[in-house]
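Student: Provided below are the primary sequence and the corresponding predicted coordinates.
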Amino acid sequence: MTQMNLMRLSDLSRDNMYDNAGVYNPSGNTAYGYNGEKIGTVRDALVDPQSGRIRYLILDVGGWFSSKEVVVPVGEARFDDNGVYFDNLTKDQVRDLEEYRYDQTYTDTQFQQTNERVLRAAHTDVDETAYRERAYRTPDRLQLLEERLVVNKERFKAGAVEIGKHVETRQEQVNVGLQREEVVIERHPVTDARPVEGAVLGASSETVRVDLEAERANVQKQAYVVEEVEIGKRTVTDTQTVTETVGREVLDVNKTGEVRLQDGDTMTDTDRNNGRR
């Protein structure tokens with residue numbers, strides 16, 4: 001039977017060759033081996049190009065100053081929110097695998113001929129058929145997505161205030177007390193008349209001049225500081241409510257026949273007959 005060459009999951013996604021809804025993409029997760037020891041990072045996956053089902057994980061198992069990528073059957077992996085776990089594989093076993101190269105093609109037969117011997121060292125008690133059935137079992141893991149509002153803030157010029165001054169005029173009245181001199185004439189009758197020389201008709205006329213002084217208002221204007229204005233800025237916080245429509249993915253479960261769901265597992269009559277509860 002002719003086997004189809006496997007393709008990288010990232011290539012399929014990039015070229016839009018299939019709808020990847022429901023296919024778990026583990027790229028970027030940390031890979032852990034036996035006893036939780038870190039063995040590398042999942043860089044990509046090899047998939048069946050017709051179905052998009054994952055067959056192998058591509059692991060970067062190099063060190064600080066080196067890089068080596070290997071492929072491991074997806075059935076060896078246990079997926080967790082914290083990473084991808086290969087519970088039965090040691091770091092040495094993974095690093096003994098043949099290096100994966102981008103320019104070469106991969107099939108199940110090719111991998112079995114070059115790398116299965118290294119991996120089966122951890123499963124000597126399992127026959128070849130049973131091992132392959134488990135090792136190439138594709139995980140059925142869905143990631144349900146939910147949209148959430150992410151609100152960012154930006155500063156913008158909301159307005160400007162110009163502050164200056166101008167002159168307003170008004171009429172002001174001030175009462176000022178001004179002094180002036182007046183002539184006071186007092187006449188006193190002489191009870192003891194005294195004679196004078198000469199006759200009245202022939203006497204010369206006499207005039208007395210009295211200068212009178214008075215005060216007048218001399219109005220001047222003087223400016224005074226009556227108020228000081230300090231100009232600054234302060235920040236105040238207003239609460240604004242933003243409304244937007246968000247969506248989230250929900251799980252659709254289609255049951256056919258006598259199926260009972262318990263703790264997220266599918267249980268059939270065959271499972272109950274085999275003693276599964």
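Tutor: Cool, got the structure. This structure is a prediction, so every number in the text was calculated from the model and none was measured.

Student: part of a helix, is residue 59?
Tutor: No - using DSSP: H, G, I helix; E, B strand; the rest coil, the secondary structure at residue 59 is strand, not a helix.

Student: now it: how far from residue 82?
Tutor: Going from residue 59 to residue 82 by CB to CB, to the nearest Å gives 16 Å. C-beta: built from backbone N, CA, C; applies to glycine.

Student: more neighbours, these two?
Tutor: Ranked by neighbour count (other CB atoms under 10 Å), residue 59 and residue 82 place residue 59 first, with 26 against 10.

Student: if that one is in a bridge, with which residues?
Tutor: Residues in a beta bridge with residue 59, per DSSP bridges, are residue 42, residue 70.

Student: what about it, distance to residue 95?
Tutor: Counting by CB to CB, the gap from residue 59 to residue 95 is 10 Å.

Student: identify the contacts common to those two.
Tutor: Common contacts of residue 59 and residue 95, defined by CB atoms under 8 Å, 6 or more residues apart in numbering, comprise 39, 70.

Student: so residue 33 sits right up against residue 95, yeah?
Tutor: No - counting by CB atoms under 8 Å, residue 33 does not reach residue 95; the two are 10.0 Å apart.

Student: who has more neighbours, those two?
Tutor: The residue with more neighbours, out of residue 33 and residue 95, is residue 33; 22 against 17, by other CB under 10 Å.

Student: check contacts around the more buried one.
Tutor: 39, 85-87, 89-91, 93-94.

Student: mind running it again at 6 Å?
Tutor: By CB atoms under 6 Å, 6 or more residues apart in numbering, the residues touching residue 33 are 39, 86, 89-91.

Student: pick the one among these closest to residue 216.
Tutor: Residue 216 lies nearest to residue 39 out of the contacts of residue 33, by CB to CB, at 110.3 Å.

Student: give the buried residues for the helix or strand harbouring that closest one.
Tutor: Secondary structure from DSSP states H and E places residue 39 in strand 38-47. Along strand 38-47, these residues count as buried under the neighbour rule (16 or more other CB atoms under 10 Å): 39-47.

Student: for it, packing partners?
Tutor: With contacts defined as 3 or more CB pairs under 6 Å, 6 or more residues apart in numbering; DSSP states H and E, strand 38-47 has these neighbours: helix 9-15, strand 30-32, strand 54-60.

Student: closest to residue 167 out of the ones you listed?
Tutor: helix 9-15 (73.7 Å).

Student: average pLDDT across the closest one?
Tutor: For helix 9-15, the mean pLDDT works out to 70.

Student: with stretch 225-235 instead?
Tutor: In the prediction, stretch 225-235 has an average pLDDT of 86.

Student: and if you look at stretch 240-260?
Tutor: On average, stretch 240-260 scores 77.

Student: which stretches of the stretch 1-150 of the chain have low pLDDT?
Tutor: Applying pLDDT under 70 to the stretch 1-150 of the chain flags the ranges 1-3, 13-24, 64-65, 110, 113-114, 120-128, 130-136, 138-146.

Student: where do the helices sit along it?
Tutor: 9-15, 91-95, 108-114, 116-120, 128-135 (DSSP state H, counting those that start in this stretch).

Student: any idea how far residue 75 lies from residue 32?
Tutor: The gap separating residue 75 from residue 32 is 16 Å, by CB to CB.

Student: who's more crowded, the two?
Tutor: Neighbours were counted for residue 75 and for residue 32 using other CB under 10 Å; residue 32 has more, 22 against 18.

Student: and the more buried one, how close does it get to residue 56?
Tutor: Separation of residue 32 from residue 56 (CB to CB) stands at 17 Å.

Student: what do you get for residue 190?
Tutor: Taking CB to CB, one finds residue 190 at 153 Å from residue 56.

Student: got it, and residue 91?
Tutor: For residue 91, the distance to residue 56 - CB to CB - is 18 Å.

Student: counting neighbours, go ahead and name the busier of those two.
Tutor: residue 56 (26 against 16).
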